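I would like to see how this sequence folds:
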Amino acid sequence: MKLEFKKIKPDDLAMVLKWRTMPEVSKYMYTDFEPSMEKQKQWYDRISRDTSRRDWIIWVDDEPVGVLSIVKIDPVNRRCEWAYYLGSPNVRGKGIGKNVELNVHEFVFGNLGLNKLCCEVLKSNDLVVKIHEKYGSVVEGDRRQQIYKNGEYLDIVEMGLLREDWEKNVRGKHEFIRAVFE
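Have a look, this model is predicted:
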């Protein structure tokens, strides 16, 4: 398997919008929005100027399959947050999450030299919570009724992975496909 992370480009926006509005993807997102290419362009313009984030399309064997974002990159406190989703049903359940996860660890702790990798996950997305835990992240907190979506309040789980825990418990302990980051 070949895994690549290519920077999001304007030509990718229609595909990202399609993925983002798929029920099996959007149910785990904090927000829902009306499908609009104009709003996609505004989003792209905003993220393109934001130096505290990096956004990629996930490519598996030359097929675009999802989106990866590392955000709130804070060089002073040496931390960041991240999220990803797989839009292509062709790759779900095939170990892509593990490979994305472990490549993000290498990138954040190795390339960026940060000390902490954080994320938030809807509590109902227990599969992703388990994947993060399997590869070193720990639950640092629960936020009850943090998100209001579709007429109901949803809980989130805050998770984090420290560089020292990654080096001791994760780094070099799992085989994975090394990705190329553009």
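
alpha carbons only for contacts and neighbour counts from here, please
Fine.

quick check: buried residues in stretch 131-151?
By neighbour count with 16 or more other CA atoms under 10 Å, stretch 131-151 contains the buried residues His132, Tyr135, Gly136, Ser137, Val138, Val139, Asp142, Ile147.

from the residues you listed, pick the one nearest Glu38.
Ile147 (25.1 Å; CA to CA).

biggest helix in this structure by residues?
Once the chain is assigned using DSSP state H, the helix that runs over the most residues is helix 37-49.

list the helices and strands it packs on?
In terms of contacts (3 or more CA pairs under 8 Å, 6 or more residues apart in numbering; DSSP states H and E), helix 37-49 is packed against helix 13-20.

so Glu4: helix, strand or coil?
Taken by DSSP: H, G, I helix; E, B strand; the rest coil, the conformation at Glu4 corresponds to strand.

for it, the count of nearby residues, please.
21 (other CA atoms under 10 Å).

same thing with the one 10 residues further on?
Applying other CA under 10 Å, we find 15 residues neighbouring Ala14.

how near is it to Lys116?
33 Å (CA to CA, to the nearest Å).

on the strand side of things, show who the closest residue to Met29 other than its chain neighbours bridges to.
Once flanking residues are discounted, Met29 sits nearest to Leu122: 7.9 Å by CA to CA, 6 or more residues apart in numbering. On the basis of DSSP bridges, Leu122 is bridged to Ile156.

Phe181 too?
Once the bridges are assigned, which here means DSSP bridges, Phe181 pairs with Phe5.

neighbours of it, just the number please.
Using other CA under 10 Å, Phe181 has 14 other residues around it.

quick one: contacts for it?
Residues in contact with Phe181 (CA atoms under 8 Å, 6 or more residues apart in numbering) are Glu4, Phe5, Lys6.

could I get the full set of helices for the protein?
Counting by DSSP H, residue ranges of the helices within the chain are 13-20, 23-26, 37-49, 96-105, 126-134, 163-165.
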